[in-house]
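Asker: what follows is a predicted structure for the sequence shown.
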Amino acid sequence: MTARTQEPRLKWIEIDLGAVRENLRWVRSRLERGARLMAVVKANAYGHGAAEVAKVAAAEGASCLGVLSVEEAVELRAAAVRAPIVLLSPPLPTQAAQVARLGLEPTVDSEEGLRALERAARRRIPVHLDIDFGLKRWGASPAAAEGLAARVKRSRRLTLAGISTHLDYVPGKNGVEAEAKLRLFQRLAARVKAKNPDVLCHAANSSIFMDFPRWQMDMVRVGNLLYGINPASAEARLRSPWTCYARIIALSEVGKGRAIGYASEYVAPRKMTVATLPAGYADGLTMEPAERLIGFGSGYQYWGWLRGKKTPFVGRCAIAHVLVDVSKVARPRLGDAVSLPLRRTGASARIPRVYKDGAR
């Protein structure tokens, strides 16, 4: 019997775990002495595959992994990830038994949450007390923080592992306000740490790590930087591990002045070669890409890349296809793979992920 030839994929996402590894090493090289690293793998590691990235992060010395929910932690444990996992949002009281069974480190911000965890605990559960400084998604008030910390200290089933905050900081927007809040948090955390010497104080996500490196405290929580996304203006030597591809399934020549696409809204400004790609908004295409090199504003345009040439989108993106202008590409062919600006967290789970390890 002859070996069956594998059919080529029409679209796929290529993820380079070697790039993730290099980004992790770059972040670790900039940690202050004694500072730990939490690798944030929430939202399926920003679309890159939580289990795959988690294993790389653990092997590269991350102290723990950060996820948003119990459901995300369940997936990691099912994939045999044994590293410490921190829940970055407070679990529901009804999820306390799962938290205990999976050996998670939950975020807490209320007496109700603490009581639920105590009832579920079979051994001491390490918790992270989160403080709200204005983001208002969750977190105890600064005024309540020391009382809750004392409450955990009295518990025979809970241990205060951390005190944290997540600021409403956006680079280039509110830096002065952010630093003032960091100072307030540090003073509060220092008072809690004086009574709980082993507690980890952490406030630095990727943006704060880049723009305010002196505020690393005991641990930094890094997500974007691991995936080659630099949210700050400071330079970072990062590699992008993510590329989405779709193959050309049709080619056509379009004359100048010809109306094409839905509603005949697009009129060719010149003679063009147009390619059809089997990817559309059902795949997450034309959600705003996270790539900083793609500009937006009045009259913005999306594009892909083929053999080093831009391939601008033509007309509307449809549910399952998009047209691109390949006029500047020499001899485009059926089956050519065009890279596309697909937002990582918006990419459909139906698109196959292909992993490679291009470590250098």
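Answerer: Received, thanks. Just so it is clear, the structure is predicted and the values come from calculations on it, not from any experiment. Numbering: from 1, shown residues only.
Asker: so what's the residue count around the residue lying closest to residue 316 once chain neighbours are set aside?
Answerer: By the measure of CB to CB, 6 or more residues apart in numbering, the closest residue to residue 316 outside its immediate chain neighbours is residue 262, 5.1 Å from it. In this view, the C-beta of every residue, glycine as well, is placed from N, C-alpha and C. Residues near residue 262, counting by other CB atoms under 10 Å, number 10.
Asker: go ahead and confirm residue 262 touches residue 315.
Answerer: Yes: under the contact definition of CB atoms under 8 Å, residue 262 touches residue 315, with a separation of 6.6 Å.
Asker: from residue 323, how far off is the residue nearest to residue 316?
Answerer: Residue 262 sits 10 Å away from residue 323, going by CB to CB, to the nearest Å.
Asker: and for residue 82?
Answerer: Residue 82 sits 47 Å away from residue 323, going by CB to CB.
Asker: looking at those two, which is more packed in?
Answerer: residue 323 (24 against 11).
Asker: and the pLDDT for residue 315?
Answerer: Note on residue 315: pLDDT of 89.
Asker: could you report the pLDDT at the nearest residue to it once chain neighbours are set aside?
Answerer: If the residues on either side of it in the chain are set aside, residue 315 comes closest to residue 261, at 2.8 Å by CB to CB, 6+ apart. In the prediction, the pLDDT value recorded for residue 261 is 88.
Asker: you'd agree residue 271 is up against residue 254?
Answerer: Yes: using CB under 8 Å, residue 271 is in contact with residue 254, at 7.1 Å.
Asker: quick one: residue 143 is in a helix?
Answerer: Yes: with DSSP: H, G, I helix; E, B strand; the rest coil as the criterion, residue 143 is located in a helix.
Asker: dump the residue contacts of the closest residue to residue 239 other than its chain neighbours.
Answerer: Once flanking residues are discounted, residue 239 sits nearest to residue 19: 3.8 Å by CB to CB, 6+ apart. Each residue near residue 19 by CB atoms under 8 Å, 6 or more residues apart in numbering is listed here: 228, 239-241, 358.
Asker: turn those residues into TSV, including pLDDT, distance to residue 347 and neighbour count.
Answerer: What follows is the contacts of residue 19, written out as TSV (pLDDT from 0 to 100; distance: CB to CB, whole Å; neighbours: other CB atoms under 10 Å):
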residue	pLDDT	distance to residue 347	neighbour count
228	96	15	21
239	96	19	16
240	95	14	15
241	97	13	28
358	75	20	13
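Asker: domains of the chain?
Answerer: Dividing the chain into domains by automatic domain parsing, as the record does, gives the ranges 31-227, 242-356.
Asker: quick one: closest of those domains to residue 13.
Answerer: Proximity to residue 13 (CB to CB) singles out domain 242-356 among the domains of the chain, at 4.9 Å.
Asker: report the distance from the closest one to the chain centre.
Answerer: Between the mean C-alpha point of domain 242-356 and the mean C-alpha point of its chain there is a distance of 24 Å (CA atoms, centre = their mean, to the nearest Å).
Asker: show me the contacts for residue 56.
Answerer: 17, 20-21, 24 are the contacts of residue 56 under CB under 8 Å, 6+ apart.
Asker: contacts only, for the residue nearest to the spatial centre of the chain.
Answerer: Averaging the C-alpha coordinates of the chain gives a centre point, and the residue nearest to it by CA atoms, centre = their mean is residue 46 (3.1 Å). Under the criterion of CB under 8 Å, 6+ apart, the contact list for residue 46 reads 223-224, 227, 229, 344-345.
Asker: for the helix or strand residue 153 falls within, what is the distance to the chain centroid?
Answerer: Under the assignment given by DSSP states H and E, the secondary-structure element containing residue 153 is helix 142-154. Between the mean C-alpha location of helix 142-154 and the chain-wide mean there is a distance of 31 Å, by CA atoms, centre = their mean.
Asker: mind listing what's buried along it?
Answerer: 142, 144-146, 148-149, 151-152 (16 or more other CB atoms under 10 Å).
Asker: by contact count, what packs against it?
Answerer: Helices and strands in packing contact with helix 142-154 are listed as helix 111-120, strand 125-131, strand 158-165, helix 175-195; criterion 3 or more CB pairs under 8 Å, 6 or more residues apart in numbering; DSSP states H and E.
Asker: that older thread, which of the contacts of residue 46 ranks first by neighbour count?
Answerer: The member of the contacts of residue 46 surrounded by the most neighbours (other CB under 10 Å) is residue 227, with 27 neighbours in all.
Asker: nearest spatial neighbour of that residue, skipping sequence neighbours?
Answerer: Of all residues beyond its chain neighbours, the one nearest residue 227 is residue 46 (5.1 Å), with distances taken as CB to CB, 6+ apart.
Asker: quick one: that neighbour from residue 224, how far?
Answerer: For residue 46, the distance to residue 224 (CB to CB) stands at 8 Å.
Asker: can you check residue 267 too?
Answerer: With the distance defined as CB to CB, residue 267 ends up 39 Å from residue 224.
Asker: just the helices in the chain please.
Answerer: Secondary structure of the chain (DSSP state H): helices at 17-29, 42-46, 50-59, 70-78, 96-102, 111-120, 142-154, 175-195, 206-211.
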